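Novice: No sequence on hand, only this structure:
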DNA sequence: GCAAAAGTGTTTCCACTACACCCATGA
DNA sequence: TCATGGGTGTAGTGGAAACACTTTTGC
């Protein structure tokens, strides 16, 4: 028989909040919703929900993201817990924050059906409820850090993309301009992209070659202890 | 009036577990205790406790560390949340893991009064309860990462230390040998140490100069956006 | 005088940076 | 023919790594 020895301890509500990053060829954005319950109903907020008895936090994050956006198979990573005593005025709530990376273009139809969900450029994020502003800041910092040692950028792009798109994405994440030639040779040196025979003709008359992330090659390199730095 | 709209949500126990790193001139170690309550009484465990209503997680971590070791003013950092459904067989418990860095020598007297607390070399850690092994692994990974971009190593050394000690510490953390000359010139280039006129005579006939971390200089450099990399 | 740790510089190499021109095409 | 974005190479610089000998002094 297993005794419950913890009966005298306080229990708390454990929330999961998601910072959903997207990229639309130009700008890094996050997805926000108008909160439809009290407190702070009608204000802009991250999407979130509560952990349930039968799931772990990763599962909760996936469930919440899926429930509110219809999206599956999204890259998510837990990055920090926010626990200020009065962060939620309604009740003591601890929130585990996750960030998610999605390709806006591929999933836009699914998302836009949601009432009151809207993409905001990072430069242009409104005041959010509770400590959600802090969460966004911190998610951004973590994303910048991660971008430098793991090729997560690809999660934000369509399966096929041009070098130009990739560069613009990294410029958005790192918030600085990069040199075209240097960027390309760095990326090529990683040797994790497949150059396709197709071209993207939407951006120029000449057309730009499309590339594709090669997950297998990447996995092999990770196994070999290859040290990614972008 | 603020309504509690969350009444239907599940509440959970939120634990804090601490991976306490120490360094003793030779080896990187962690502090473990023999658990004195059920379940798993008598097995080796990280120190931990539960979050209380009136505190945030950082405060809880500080309280728990202080309560079990008598130590104050210790460097601590939250690094991950563990939430597997059955991680604690007694009851659903989510654990927020912190790592702490302490100077064994300076605090050893205080710590050793604790029943059943013991330092273990990292190479030599026994099987721990629950998922504490995973926590230790992950803490170690985080420590290695942090050591590279923030001079946290000094938290593990006495106030005054020799270059040799500092090097051995970094060798322990990074788990690889470093070149003496390269290490010293890298450290010197950071320009955050004060060389003292004193020498440590315990390790050699010649004696080795003692150094001291210069917090002010460091803070100034951080403000100036200096990019630490060790 | 020798063992044991402290201290000290130089060279090599590679990765990062800066930088400018031609190409292909549709209009 | 020209405007637009696509594509390509090189030289210079700075930090990281490799590397060996002399100094001090207690025994």
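Specialist: Alright, I've got the coordinates. For clarity, every value in this text was computed on a predicted model and none was experimentally measured. Residues are numbered from 1 along each chain as shown, chains lettered A, B, ... in the order given.
Novice: what's the nearest residue to residue A:186 if we skip its chain neighbours?
Specialist: Excluding its sequence neighbours, the residue lying closest to residue A:186 (Cβ to Cβ, 6 or more residues apart in numbering or on different chains) is residue A:230, at 6.6 Å. For every residue, glycine as well, the C-beta is placed using N, CA and C.
Novice: what's near enough to touch the one you found?
Specialist: By Cβ atoms under 8 Å, 6 or more residues apart in numbering or on different chains, the contact list for residue A:230 reads A:147-149, A:151, A:153, A:170, A:186-187, A:190.
Novice: Looking at the residues you listed, which are in helices?
Specialist: A:147-149, A:170, A:186-187, A:190 (DSSP state H).
Novice: doesn't residue B:84 make contact with residue A:56?
Specialist: Yes. Using Cβ atoms under 8 Å, residue A:56 is in contact with residue B:84, at 5.3 Å.
Novice: hang on, isn't residue A:129 packed against residue A:40?
Specialist: Yes. Counting by Cβ under 8 Å, residue A:129 does reach residue A:40; the two are 4.3 Å apart.
Novice: More neighbours: those two, which one.
Specialist: Neighbour count, other Cβ atoms under 10 Å in any protein chain shown: between residue A:129 and residue A:40, residue A:129 has more, with 19 against 16.
Novice: where's the more buried one relative to residue A:14, distance?
Specialist: 18 Å (Cβ to Cβ, to the nearest Å).
Novice: for residue A:190, same thing?
Specialist: From residue A:190 to residue A:14 the distance is 38 Å (Cβ to Cβ).
Novice: ok, the two, which is more surrounded?
Specialist: residue A:14 (24 against 15).
Novice: if I look at the more buried one, how far off is residue A:46?
Specialist: Relative to residue A:46, and taking Cβ to Cβ, residue A:14 is found at 15 Å.
Novice: so after the helix or strand of chain A with the lowest mean pLDDT, what's the next helix or strand?
Specialist: The weakest-scoring helix or strand in chain A, judged by mean pLDDT, DSSP states H and E, is helix A:104-112 (a mean of 73). Counting by DSSP states H and E, the next helix or strand C-terminal to helix A:104-112 is strand A:117-121.
Novice: what lines up beside that following strand in the sheet?
Specialist: strand A:28-34 (antiparallel) (DSSP bridges).
Novice: Distance from the chain centre to the partner strand, please.
Specialist: 11 Å (Cα atoms, centre = their mean, to the nearest Å).
Novice: likewise stretch A:214-230?
Specialist: On Cα atoms, centre = their mean, the centre of stretch A:214-230 falls 21 Å from the chain's centre.
Novice: need the residues of chain A near DNA strand D, please.
Specialist: Contacts of chain A with DNA strand D, taken as Cβ under 7 Å from any atom of the strand, map to A:162-164, A:179-182, A:184-185, A:199, A:203-209.
Novice: Give the burial count for the residue in chain A positioned nearest to DNA strand D, as a bare number.
Specialist: Per Cβ to the nearest atom of the strand, the residue of chain A with the smallest distance to DNA strand D is residue A:181, at 3.0 Å. Residue A:181 has 8 neighbouring residues, counting by other Cβ under 10 Å.
Novice: Doesn't it lie inside a helix?
Specialist: Yes. Assignment of residue A:181 by DSSP: H, G, I helix; E, B strand; the rest coil places it within a helix.
Novice: Walk me through the domains of chain A.
Specialist: For chain A, automatic domain parsing gives the domain ranges A:13-149, A:157-223.
Novice: what's the most buried one of those?
Specialist: Across those, averaging neighbours per residue (mean count of other Cβ atoms under 10 Å in any protein chain shown) puts domain A:13-149 on top, at a mean of 18.
Novice: That one spans what distance, first to last residue?
Specialist: 34 Å (Cα to Cα, to the nearest Å).
Novice: Relative to the whole chain's centre, how far out is it?
Specialist: Worked out by Cα atoms, centre = their mean, domain A:13-149 lies 8 Å from the chain centre.
Novice: residues from chain A in reach of DNA strand C?
Specialist: Counting by Cβ under 7 Å from any atom of the strand, chain A sits next to DNA strand C at A:179-182, A:185-186, A:205-207, A:229.
Novice: Farthest-apart pair in those residues, please.
Specialist: Maximum pairwise distance among the residues of chain A next to DNA strand C (Cβ to Cβ): 35.1 Å, between A:205 and A:229.
Novice: tell me the contacts of the nearest residue to residue A:32 once chain neighbours are set aside?
Specialist: The shortest distance from residue A:32 to any non-neighbouring residue, by Cβ to Cβ, 6+ apart, is to residue A:44 (4.8 Å). With contact set as Cβ under 8 Å, 6+ apart, residue A:44 has these partners: A:32-35, A:126-129.
Novice: ok, now residue A:54?
Specialist: residue B:85.
Novice: Please state the backbone phi and psi of the residue in chain A that DNA strand C sits nearest to?
Specialist: Residue nearest to DNA strand C within chain A (Cβ to the nearest atom of the strand): residue A:205, separated by 3.4 Å. When read as degrees, to the nearest 10, the backbone of residue A:205 gives phi -70, psi -40.
Novice: State the pLDDT value of it.
Specialist: For residue A:205, the pLDDT comes out at 95.
Novice: Can you check what angle separates the lengthiest strand in chain A from strand A:117-121?
Specialist: Longest strand of chain A, by residue count under DSSP state E: strand A:11-23. If you take axes from the mean of the first three to the mean of the last three Cα atoms, to 10 degrees, strand A:11-23 sits at 60 degrees to strand A:117-121.
Novice: Let me see the contact set for the closest residue to residue A:24 other than its chain neighbours.
Specialist: Nearest residue to residue A:24 in three dimensions, chain neighbours excluded: residue A:104, at 4.9 Å (Cβ to Cβ, 6+ apart). By Cβ under 8 Å, 6+ apart, residue A:104 lies in contact with A:22-24, A:29, A:111, A:119.
Novice: Look up how far residue B:216 lies from residue A:104.
Specialist: For residue A:104, the distance to residue B:216 - Cβ to Cβ - is 46 Å.
Novice: Nearest to residue B:62 among the domains of chain A would be which one?
Specialist: Checked against Cβ to Cβ, the stretch from the domains of chain A lying closest is domain A:13-149, at 12.8 Å.
Novice: What ranges in chain A fall below the confidence cut-off?
Specialist: By pLDDT under 70, the low-scoring segments of chain A are A:1-5, A:108-115.
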